[in-house]
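Asker: This is a predicted model, with the sequence first.
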Amino acid sequence: YDGKCVFCRIARREEPGTALLPCEYEDLVCFRDIRPGAPHHYLVVPVEHMGNCKTLKTEHIPVVKRMMEVGKAVLQRNNFSDLNDVRMGFHWPPFCSISHLHLHVLAPASQLGFLSRLIYRINSYWFIT
């Protein structure tokens, strides 16, 4: 836990302004992005402080898979069912504003605005899917 990390505080429910969405795993939390790039834009975050995506190792594959599962579930609970029109990924350092692992879940990807299409560009130098 890092008290200076906003995602650590959100995960521990210490940020009353951020509503957590239902999540099927106790080690993950999900909430809306404060600057949405699409009509549906959620962040899936491990409760335990983890570094950015560059620190991921093979043993983290199950966590990332669960993060993606949570992302799909929150979309479906919010009446978005076209999972072919979804973009999920991580910002690659130094392009991540918060160095606590967080998966961006955006939908519909077909409705991303001009700037969002750049910021969340598939497998770009700054965003990996």
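Answerer: Arrived safely.
Asker: Only C-alpha atoms from now on, for both contacts and neighbour counts.
Answerer: OK.
Asker: what about the longest helix seen in the chain, average pLDDT?
Answerer: For the chain, the longest helix by residue count, based on DSSP state H, is helix 61-77. The average pLDDT for helix 61-77 rounds to 97.
Asker: and that helix, how far from the chain's centre?
Answerer: 9 Å (C-alpha atoms, centre = their mean, to the nearest Å).
Asker: Who are the packing partners of it?
Answerer: In terms of contacts (3 or more C-alpha pairs under 8 Å, 6 or more residues apart in numbering; DSSP states H and E), helix 61-77 is packed against strand 28-32, strand 40-46, strand 103-107.
Asker: which residues are in contact with the first one?
Answerer: Right, strand 28-32. The contact list for strand 28-32, computed with C-alpha atoms under 8 Å, 6 or more residues apart in numbering, reads 11, 18-23, 41-47, 67, 70-71.
Asker: CA atoms of it as CSV?
Answerer: What follows is strand 28-32, C-alpha atoms only, in CSV (Å, rounded to 0.1, in the frame of the first residue of the first chain):
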residue,chain,number,x,y,z
LEU,A,28,-9.4,-6.1,-7.9
VAL,A,29,-11.6,-3.0,-8.0
CYS,A,30,-13.3,-1.3,-10.9
PHE,A,31,-14.5,2.3,-11.3
ARG,A,32,-15.2,4.9,-14.0
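Asker: How about it, which residues are buried there?
Answerer: Neighbour-count burial for strand 28-32, counted by 16 or more other C-alpha atoms under 10 Å, picks out Leu28, Val29, Cys30, Phe31, Arg32.
Asker: ok so, going back, could you point out the helix or strand that follows the longest helix of the chain?
Answerer: On the C-terminal side of helix 61-77, the nearest following helix or strand under DSSP states H and E is strand 87-91.
Asker: hmm, who's touching that next one?
Answerer: Under C-alpha under 8 Å, 6+ apart, the answer for strand 87-91 is 53, 68, 101-109, 120, 122, 126-129.
Asker: Leaving out chain neighbours, which residue sits closest to Trp126?
Answerer: In space, and not counting its chain neighbours, Trp126 is closest to Trp92: 4.8 Å by C-alpha to C-alpha, 6 or more residues apart in numbering.
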